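K.L.:
Kindly generate the corresponding structure for this input.
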Amino acid sequence: MVNVWEHVNSREEALHFCKVHSIQGPVLIDAKGDYIAQLGLRGVPVNLFVNKKGIVQAVGMTTPDEVRSTLMRLLNPFAKK
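P.N.:
Residues are numbered from 1 along each chain as shown. The predicted model follows:
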């Protein structure tokens, strides 16, 4: 999931981010910031992982390494660290 808060070219910015970081899968474009507001989040950058039921699983990773590490933990919770 990628949230773009710039309000300008949100779709293009999100697609570019996904391409640069090799992100595949569904992407939420929150062009107006409504979803982020519902979650009570303020400020950028903020990254979220949301499961297929719409439940937020992780919030706050900012670097590509943090995002990758969190994603791996969520996908394989029983892996040795």
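K.L.:
Under the pLDDT cut-off, which ranges of this structure? List them.
P.N.:
1-7, 44-45, 80-81 (pLDDT under 70).
K.L.:
mind listing the strands for it?
P.N.:
Secondary structure of the chain (DSSP state E): strands located at 48-50, 56-59.
K.L.:
which one of the ones you listed is the most hemmed in?
P.N.:
strand 48-50 (a mean of 17; mean count of other C-beta atoms under 10 Å). To be clear about C-beta, it is placed using only N, CA and C from the backbone, and glycine gets the same treatment.
K.L.:
burial of Asp30, as a residue count?
P.N.:
20 (other C-beta atoms under 10 Å).
K.L.:
distance of it from Thr70?
P.N.:
Distance, Asp30 to Thr70, using C-beta to C-beta, to the nearest Å: 19 Å.
K.L.:
now Pro64
P.N.:
Using C-beta to C-beta, Pro64 is found at 11 Å from Thr70.
K.L.:
same check, this time on Met61
P.N.:
5 Å.
K.L.:
Give me the more crowded residue out of Pro64 and Thr70.
P.N.:
Shown here are Pro64 and Thr70; by other C-beta under 10 Å, Thr70 has more neighbours (17 against 13).
K.L.:
Okay, helices next: where are they in the chain?
P.N.:
10-20, 34-39, 64-75 (DSSP state H).
K.L.:
now those helices as CSV including distance to Gly54?
P.N.:
Shown next, in CSV, are those (distance: least, C-beta to C-beta, whole Å):
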stretch, distance to Gly54
helix 10-20, 18
helix 34-39, 10
helix 64-75, 15
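K.L.:
Nearest to Phe49, out of those?
P.N.:
Closest to Phe49 of the helices of the chain is helix 64-75 (C-beta to C-beta; 5.9 Å).
K.L.:
Which strands or helices does that closest one pack on?
P.N.:
strand 48-50, strand 56-59 (3 or more C-beta pairs under 8 Å, 6 or more residues apart in numbering; DSSP states H and E).
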